[in-house]
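> A predicted structure for the sequence below; I have some questions about it.
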There are 2 protein chains.
Amino acid sequence: MIQFYAPEIESTGILPESDSAHCCRVLRMKAGDEVIVVDGKGKRFRCVIMEAHPKHTSVEIVSEELVPSHWGVRITLAVAPTKNMDRMEWLLEKAVEIGVDRIVFLKCARSERKVVKLDRLEKVMVSAMKQSLKGVLPELEEMSDFRGFVSSDFGDAVKFMGYCSSDYPRKEFVKEYPRHTDVVILIGPEGDFSPEEVEAAVAGGFVPVTFGESRLRTETAALYGVTAVHVMNQC
Amino acid sequence: MIQFYAPEIESTGILPESDSAHCCRVLRMKAGDEVIVVDGKGKRFRCVIMEAHPKHTSVEIVSEELVPSHWGVRITLAVAPTKNMDRMEWLLEKAVEIGVDRIVFLKCARSERKVVKLDRLEKVMVSAMKQSLKGVLPELEEMSDFRGFVSSDFGDAVKFMGYCSSDYPRKEFVKEYPRHTDVVILIGPEGDFSPEEVEAAVAGGFVPVTFGESRLRTETAALYGVTAVHVMNQC
């Protein structure tokens, strides 16, 4: 099954340029052909092409279904972006495939990267959402100040801080996460969180944890945390 | 901590060219400096540099420790290589970071790639082993014929086949895997396993499973399987 993405499909009935081009130029679809479209907000539509235009293909909605996230908890991943953005693109692709609700980039004392461009990352996420047949596009946020983030309100979510310096007492994430609970996972930069950041996070209710005995790269630890939540909630 | 890799360190006391260059040129280490070296077979050595040579640095072993794999079970991952080898390099890096024992490439009926060059992949694995502070380099094998592989002997390991066609009854991997047991995980090509391959695998004792409700790419499913084994054994 191929999914197209048109956030405004309900109001406009038009596929955006990139999807129109893919539909008409690559897949050579024509008026009368049926297409599946998601709006990234939890709805999937069965549509029929009215006009196959490479820039603005128009469709008529035949039916719709709700396709909410299937994992039942809200997963927030906050990560200090790596110097090499390929690693972040990879992480976002995989996190969206496996399932995440909100991704936040953190500006940390030891971050090697203080700026991230979201355009390219959003494309990667949209592509992963389509490919993994999801109907909800996770939230992606601009770089956030670390202290502001750890002191903000996450409702009833449990909060964990992974990849923090080994001189601080850490628990095992897998043993600490209460199944079927909303969760916020913090992952630090290559240079690790600073002692002040660890203190601020702990003061904000974050529990320092490890993901096992291996020393994992930033993006590996982040995906391990997201995957572990899914695995534990499937058990 | 920086680990160097010298498979023959015990017999030769010499760091290979790549590690010698890193040690002398990049890190500018000199005679008398201490280095940590792993042999990829489960031993880590504390050594002192005798001659800092950019091509064949010689060291003297001061002490050694055994560093076996810490996850306690043997994890075999057999995957049909993707057309895009970057995805396989990424998978091997992450699987080695998280922890795997044996990686086999499968030649499947619908494989888009029938040949893999192992040199580059071995470099990626060595780098991931060093980075994640492991002392054992996982086995990496040439492309194997699918039928030969699924009919071979895996001792007491439980055998699963992920990413197989949805028209075949599948169980949930997370519910089926008996904790703390050696495991073999098969992951199919982008085009999925052929019905004949699914039959052959089932005949060989492989249980068709899913890793959840998301449709995952080949490399994502493979890493999900490996991560799930670690998470379940940590619970």
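Perfect, thanks for sending it.

> average pLDDT for the top helix by length along chain A, rounded please.
Longest helix in chain A, counting residues (DSSP state H): helix A:218-234. Across helix A:218-234, pLDDT averages out at 97.

> that one vs helix B:218-234, what angle?
For helix A:218-234 against helix B:218-234, the angle by axes from the mean of the first three to the mean of the last three C-alpha atoms, to 10 degrees is 70 degrees.

> domain map for chain A?
Following automatic domain parsing, one finds the domains of chain A at A:3-66, A:75-233.

> which among those domains is found nearest to chain B?
domain A:75-233 (4.2 Å; C-beta to the nearest C-beta). For every residue, glycine as well, the C-beta is placed using N, CA and C.

> anything in that closest one near chain B?
Yes - judged by C-beta under 8 Å from any C-beta of the partner chain, domain A:75-233 and chain B are in contact via A:90, A:94, A:97-99, A:131-134, A:172, A:174-175, A:212-217, A:220, A:223-224, A:227-228, A:230-232.

> hmm, back to that, which parts of the longest helix of chain A are buried?
Neighbour-count burial for helix A:218-234, counted by 16 or more other C-beta atoms under 10 Å in any protein chain shown, picks out A:218-234.

> repeat for stretch A:165-175
A:Arg170, A:Phe173, A:Val174.

> and that stretch, what's its mean pLDDT?
On average, stretch A:165-175 scores 87.

> repeat that for stretch A:66-80.
Rounded mean pLDDT across stretch A:66-80 is 96.

> and that stretch, how far out from the chain middle?
7 Å (C-alpha atoms, centre = their mean, to the nearest Å).

> quick one: end-to-end distance for it.
Stretch A:66-80 stretches 33 Å from its first residue to its last (C-alpha to C-alpha, to the nearest Å).

> show me the helices in chain A, by range?
According to DSSP H, the helices that chain A contains are A:9-12, A:17-21, A:85-98, A:118-131, A:146-150, A:173-176, A:195-203, A:218-234.

> please identify the most buried of those.
Most buried of those, by mean neighbour count (mean count of other C-beta atoms under 10 Å in any protein chain shown): helix A:218-234, with a mean of 25.

> tally of neighbours for A:Lys43?
For A:Lys43, the count of nearby residues is 18 (other C-beta atoms under 10 Å in any protein chain shown).

> ok, it - contacts?
A:Glu10, A:Glu64, A:Glu65, A:Leu66, A:Val67, A:Gly135 (C-beta atoms under 8 Å, 6 or more residues apart in numbering or on different chains).

> tell me the bridge partners for the closest residue to the second one other than its chain neighbours.
Leaving out its chain neighbours, the residue that sits closest to A:Glu64 by C-beta to C-beta, 6 or more residues apart in numbering or on different chains is A:Phe45, at 4.8 Å. When bridges are called by DSSP bridges, A:Phe45 pairs up with A:Val37, A:Glu64.

> could you check how far A:Phe45 is from A:Val67?
10 Å (C-beta to C-beta, to the nearest Å).

> common neighbours of the two, please.
A:Val38.

> test my guess that A:Cys235 contacts B:Lys175.
Yes - counting by C-beta atoms under 8 Å, A:Cys235 touches B:Lys175, with 7.3 Å between them.

> number of nearby residues for A:Pro138?
A:Pro138 has 21 neighbouring residues, counting by other C-beta under 10 Å.

> quick one, what contacts it?
A:Pro138 neighbours (C-beta under 8 Å, 6+ apart): A:Ala95, A:Val96, A:Val100, A:Asp101, A:Arg102, A:Ile103, A:Met125, A:Met129.

> put together TSV for those, with pLDDT on each row.
Shown next, in TSV, are the contacts of A:Pro138 (pLDDT from 0 to 100):
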residue	pLDDT
A:Ala95	98
A:Val96	98
A:Val100	98
A:Asp101	98
A:Arg102	98
A:Ile103	98
A:Met125	98
A:Met129	97
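
> just the buried members of the contacts of A:Lys43?
Counted by 16+ other C-beta under 10 Å, those give A:Val67, A:Gly135 as buried.

> out of the contacts of A:Lys43, which is nearest to A:Arg110?
Set against A:Arg110, the nearest of these by C-beta to C-beta is A:Gly135 (37.6 Å).

> give me every residue that touches the nearest residue to the closest one once chain neighbours are set aside.
Computed as C-beta to C-beta, 6+ apart, the closest residue to A:Gly135 that is not its neighbour in sequence is A:Val67, at 3.2 Å. Contact analysis of A:Val67 by C-beta under 8 Å, 6+ apart lists A:Val38, A:Gly42, A:Lys43, A:Arg44, A:Lys134, A:Gly135, A:Val136.

> which of those residues fall in strands?
A:Val38, A:Lys43, A:Arg44 (DSSP state E).

> could these go into JSON lines alongside pLDDT?
As requested, these are exported to JSON lines (pLDDT from 0 to 100):
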{"residue": "A:Val38", "pLDDT": "97"}
{"residue": "A:Lys43", "pLDDT": "98"}
{"residue": "A:Arg44", "pLDDT": "97"}
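
> so A:Ala222 sits right up against A:Pro189, yeah?
No - proximity of A:Ala222 to A:Pro189 does not meet the contact threshold set by C-beta under 8 Å, at 11.5 Å.
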